[in-house]
Each structure stands twice: as C-alpha cells, then as structure tokens.
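J.: Quick one: sequence plus predicted model below, questions after.
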Amino acid sequence: MKSDPLAEHSRLPSLLLVDDRQEILEQMKWGLKSSYIIYEADHRAAAVDILQREKISLVTLDLGLPPDAGGVTEGLSALEQLLAVNPLVKVVVITGNQDRANALKAIQLGAYDFMEKPVDLEVLKVVLQRAGYLAGLEKENQKLLDREAKRGFPEIIGNSPVMVKVFDTIRRVAGSDISILIVGESGTGKELVARAIHQQSHRKDGPFIAINCGAIPETLLESELFGHEKGAFTGAHLQRPGRIESAQGGTLFLDEIGEISPALQVKLLRVLQERSIERVGGRVEIPVDTRVLAATNMDLQLAMKDGRFREDLYYRLNTVTITAPPLRDRGGDIVMLGKSLLQRYTEEAKKKISGFTREALMSLEQYHWPGNIRELENRIRRAVTLTDNPRIAPEDLDLADPDESQDGLTLKVARDTVEKRVIEQTLAKTGGNITKAATILGVSRPTLHDLISRHHIKK
C-alpha cells in the first residue's frame, strides 16, 4: 500500500525561518524542506504574526533584522516577542562570528542555542533535531500537567465560573507558604479548599491537621492547639503535643478561626511571627515548620470593629482570601454534585437507584440551599436511605415546592418569617449570648451566625 505524501508531510514538525536576506532563506529551505514544514519571515512583525497563527515549535532567528540589520536590537526584540507568544518554542539564534556576547545575551533571554555565520546546514540539522526532541518532551509534559491540573481537585466537583476562579486561585497560591484565609457560609466546603491547597503544595507528603476552633470549649482549645507538659493542669498525666506541633512539615487548618478568644489570638499571632510555640506548662521554645490556613463564616471586618478579633492577626492570616461560593450561586454544579453524591450513596447502600426524576432535578436547581453542600449531602443520603423508588423523586428530597403557596405566601417565605422570629426571641431570652441561643435552638454557633446574617437580625 502506497503512503500518502501529503499526509506524511502534514506530520512533519514546523519550522519558522527568520532572516531578511532571501538568498539565505532559499538556501536553508532547500536543505531542510525534507524534514520540516517551512515558514519564513523577513522581519519581526511577520515572524510574530506567523507564530501566533501557526503551531510552530522551532525557529531559526537572524539577530540582524531591519530596521537594525547591522545591529542586534531588532533581533533580540523579536526573540523576546516570540517567546512571549509561545514560551515553549525553541529558538536557534544566528549571529555574526564576532558577536558571541550578543549570542550569550540571547541565551539569557531564552534562546535554545546559537550558531555563528556562515551556518553549517549539517550542524544546524543536528541542533534542530535536539531542539525538536526537547520541544516534544515539554509539550507532552505540559499535556500531563494540564490533565493533572484538571484532576487536581478530586474532592471538589464543579465547572461553574465561580468555581473555576477558586480552582485558579488554589493553583496560584499552592506553591508558596503564604497564609490563606478561606471565607464562606457554613457547608460550602472550606475544608475541602484547604485540603486542595495542601495537596497541590510542596508539603503534600506532610500531615494535614484540621481543628475546628468553634467546636472545642475555650478551656481546652489552648491545650489542643499548643499541647501540654505533664502536670501542667489537673488531669495532665502525660506530655502531649498539640495540633500545631503535629502539623510539622505539613499544613495546619484552623476552621472557625473567628471563634477563638482574644487571649488565644495573641498566642496564635506569636506562632505566626516567631514560628515557635511553648506547650501549656512548658518553658522550652519549640520551632514549628507548618503552613497555616484558616477559615471562617464570620465577617472578620465587623469582628475587628467590635473588638472581637485582632487586626494584626487578621492581616497575618489574610495574605490571600479565597471565597468558597454558596451552592445557590453555582448554577449547573448543583445537579452535577447531586448526581455524584447519588452515585456514591447508592453504592454505599447497595441499592439500585438509576438517578433523579425530571421533577427532582428541577427541585434541586430551584431550591435555595441555605445549608449549602452539607445540606445537599444530607438530603440525598436521606433520600437514598428511605426511598423505595427506582429514581429519586421530589418527595424523597423533602424540598419545598417553590410554586406551592397559600394566600400568595410561599412556604419558603413563611418558613423564613417563623425562623427569624424564633431566633430573635431566643436571642432576647439569652441576652444576645450566641452560645446559649445556639444550644436552645439545637444548632451550631456557625450555623446560628449564618442565620443571623441571612435574616439581617441585629444582635
């Protein structure tokens, strides 16, 4: 079977020849046309235009281009522009035999190699072959990196614009050790964002230590964070390292950072400044090498104004802020997440559920999701556990029908009205004490903070 010469030619690598002398271009084309698809340009603008339009991995560039044919400024400018268009392109610079200094300058600017005039075509072929092999390796490596980047967040699902922005920020900050503040409503997946930063960082082989500062009584939180020496307090029968110390070489994630007391804020600030700790009851400075990520659903700006959060600690923690968006702002991600969760929970329960009904999908999209992803997880897990239907229906999800109303009042509005009134009455009863009010209402403090903010309740 005869091979198709056009098909074979299309598989050849592309080479751009840049020189203002036509006789040189013709000579090089003649010697290289059997191995490359040849493009040619006689000035900088034409070369840049071709590189922008065509998939080219190799360039030969004469530094003496018009309007500075006797110098190198135009050629070096062309080199910089070509690399700006495609940083992976391999440029072989052609220079005069007395111009080694400028050839080395071109290498510093990013050229792959240089050759002196007159050019030996056989040597050039070898140089281009090596450059092409390296370009191929880098291209494959970039493909792998792009593929891994897309897979780099196995626990976070979403392709909505707000999530694409979150993923992009994670990739940008993961490589450094700067402190990150992750903000967002309860249930939006702030810890997953922190884990993704850790997994993308150079600390990924170290521990990821998470602590919920709002879930631990204030009297125990200091010991949890800093550890304690034997005999430091009643019941301290053994020496115990704290969470900060346990995160050595890895990442420490402080969830609900807005809940820690002013005294602990001072100690945490010292850790961030000095990179060392003292255990409770100890006198020895222990160096710590850990990256600190913090999260909150609280308005820390307001907390600073109220004197509940230290300004210096805020700026130490908040080098970069990442906002975990509420589920209601994520559009098509809701259905994507719902289907993924349904698959996971049906496999766990060993039940045969083929998916959602059309009405159930509509209810997922139309519901406000005040509890965000955590509420979505709970709703779908409950539906999988209780349903006998082959597909999840709206009644399995127990979501209010947004069109269902009584005397023009939707169930959601009615529920919100009652919810707001009960919270206001409970806060009045407890004198504004959030902890006591949360206990009476049977919710966590972060959830109560969210409800107060959402209903615009004055404390």
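T.: Looks like it arrived, so ask away. In this text, all values refer to a predicted model and were calculated from it rather than measured experimentally.
J.: my guess is Leu254 contacts Ile211, does it?
T.: Yes: using Cβ atoms under 8 Å, Leu254 makes contact with Ile211 at a distance of 6.2 Å. Every residue, glycine included, has its C-beta placed from N, CA and C.
J.: What lies in contact with stretch 369-377?
T.: Applying Cβ atoms under 8 Å, 6 or more residues apart in numbering, the set of residues contacting stretch 369-377 from outside is 185-189, 326-328, 334, 337-338, 341, 364, 378, 447, 450, 454.
J.: Let me see the contact set for Gly110.
T.: Under the criterion of Cβ under 8 Å, 6+ apart, the contact list for Gly110 reads 79-80, 83, 87, 91.
J.: Reduced to three states, what does Ile38 come out as?
T.: With DSSP: H, G, I helix; E, B strand; the rest coil as the basis, Ile38 sits in strand.
J.: quick one on the thing from earlier: more neighbours: Leu254 and Ile211, which one.
T.: Between Leu254 and Ile211, counted using other Cβ atoms under 10 Å, Leu254 has the larger neighbour count: 24 against 21.
J.: Summarise which helices and strands the helix or strand that one falls within is packed against.
T.: Using DSSP states H and E, Leu254 maps to strand 251-255. Contacts defined by 3 or more Cβ pairs under 8 Å, 6 or more residues apart in numbering; DSSP states H and E place strand 251-255 against helix 190-200, strand 208-212, strand 291-296.
J.: The last one packs against which elements?
T.: With contacts defined as 3+ Cβ pairs under 8 Å, 6+ apart, the packing partners of strand 291-296 are strand 180-183, helix 190-200, strand 251-255.
J.: So which of the ones you listed is nearest Arg53?
T.: Among those, the nearest to Arg53 by Cβ to Cβ is helix 190-200 (34.0 Å).
J.: Show residues contacting the closest one.
T.: 152-153, 155-156, 166, 170-171, 173-175, 180, 182-184, 204, 208, 210, 250-251, 253, 255, 291, 293, 295, 297, 322, 324.
J.: rerun at 6 Å
T.: 152-153, 155-156, 170, 174, 182, 184, 208, 251, 253, 293, 295, 322, 324 (Cβ atoms under 6 Å, 6 or more residues apart in numbering).
J.: Now tabulate the helices and strands packed on strand 251-255 in JSON lines and tack on distance to Ala41 and mean pLDDT.
T.: Formatted as JSON lines, the helices and strands packed on strand 251-255 follow (distance: least, Cβ to Cβ, whole Å; pLDDT from 0 to 100):
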{"stretch": "helix 190-200", "distance to Ala41": "40", "mean pLDDT": "94"}
{"stretch": "strand 208-212", "distance to Ala41": "52", "mean pLDDT": "94"}
{"stretch": "strand 291-296", "distance to Ala41": "48", "mean pLDDT": "94"}
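J.: what's the burial count for Pro66?
T.: Neighbours of Pro66 (other Cβ under 10 Å): 11.
J.: Okay, and it sits in which element?
T.: Pro66 belongs to no helix or strand, assigned by DSSP H and E.
J.: Also Val418?
T.: Counting by DSSP H and E, Val418 is found in helix 411-429.
J.: how about the CA coordinates for whichever helix or strand comes after that helix, as PDB?
T.: Next along the chain after helix 411-429, taking DSSP H and E as the criterion, comes helix 434-441. Extracted C-alpha coordinates of helix 434-441, given in PDB (Å, rounded to 0.1, in the frame of the first residue of the first chain):
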ATOM      1  CA  ILE A 434     -24.800  33.200  70.800                       C
ATOM      2  CA  THR A 435     -23.600  30.000  72.600                       C
ATOM      3  CA  LYS A 436     -26.700  29.700  74.800                       C
ATOM      4  CA  ALA A 437     -29.000  30.600  71.900                       C
ATOM      5  CA  ALA A 438     -27.400  28.000  69.600                       C
ATOM      6  CA  THR A 439     -27.800  25.400  72.400                       C
ATOM      7  CA  ILE A 440     -31.500  26.200  72.900                       C
ATOM      8  CA  LEU A 441     -32.200  26.200  69.100                       C
END
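J.: Contact partners for Val127?
T.: 92, 113.
J.: right, and the helix or strand after whichever strand or helix holds it?
T.: Using DSSP H and E, Val127 falls within helix 121-151. Next along the chain after helix 121-151, taking DSSP H and E as the criterion, comes helix 161-174.
J.: What angle do helix 190-200 and that next one make with each other?
T.: Using axes from the mean of the first three to the mean of the last three Cα atoms, to 10 degrees, one finds that helix 161-174 and helix 190-200 are set 40 degrees apart in direction.
J.: For helix 161-174, buried residues please.
T.: 163, 166-167, 169-170, 173-174 (16 or more other Cβ atoms under 10 Å).
J.: Contacts made by that helix with the rest, please.
T.: Under Cβ under 6 Å, 6+ apart, the answer for helix 161-174 is 180, 196-197, 200-201, 320, 322, 325, 329.
J.: want to throw these into CSV with distance to Val418 and neighbour count?
T.: Below are those laid out as CSV (distance: Cβ to Cβ, whole Å; neighbours: other Cβ atoms under 10 Å):
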residue, distance to Val418, neighbour count
Ile180, 38, 25
Ala196, 38, 22
Ile197, 40, 25
Gln200, 44, 20
Ser201, 46, 20
Val320, 40, 13
Ile322, 34, 21
Pro325, 28, 20
Asp329, 25, 14
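J.: Dump the residues you listed into JSON lines; add distance to Glu348 as well.
T.: Below are the contacts of helix 161-174 laid out as JSON lines (distance: Cβ to Cβ, whole Å):
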{"residue": "Ile180", "distance to Glu348": "32"}
{"residue": "Ala196", "distance to Glu348": "23"}
{"residue": "Ile197", "distance to Glu348": "28"}
{"residue": "Gln200", "distance to Glu348": "28"}
{"residue": "Ser201", "distance to Glu348": "31"}
{"residue": "Val320", "distance to Glu348": "36"}
{"residue": "Ile322", "distance to Glu348": "30"}
{"residue": "Pro325", "distance to Glu348": "27"}
{"residue": "Asp329", "distance to Glu348": "29"}
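J.: Which two of these have the greatest separation?
T.: Longest distance between any two of these is 27.0 Å, between Ser201 and Asp329; criterion Cβ to Cβ.
J.: helix, strand or coil for Asp68?
T.: Put simply, Asp68 is coil when judged by three-state DSSP.
J.: Now the phi/psi pair for it, please.
T.: phi -120, psi 60 (degrees, to the nearest 10).
J.: host element of the closest residue to it other than its chain neighbours?
T.: Sequence neighbours aside, Glu74 is the residue nearest to Asp68 in space, at 4.3 Å (criterion: Cβ to Cβ, 6 or more residues apart in numbering). Secondary structure assignment for Glu74, by DSSP H and E: helix 73-85.
J.: what's the average pLDDT for that helix?
T.: The average pLDDT within helix 73-85 is 89.
J.: Output the contacting helices and strands for it.
T.: When contacts are defined as 3 or more Cβ pairs under 6 Å, 6 or more residues apart in numbering; DSSP states H and E, helix 73-85 packs onto helix 44-53, helix 100-109.
J.: Now do Ile24 against Tyr315, distance only.
T.: Look at Ile24 and Tyr315: by Cβ to Cβ, to the nearest Å, they are 60 Å apart.
J.: Who has more neighbours out of these two?
T.: Comparing Ile24 with Tyr315 by other Cβ under 10 Å, the one with more neighbours is Ile24, at 18 against 12.
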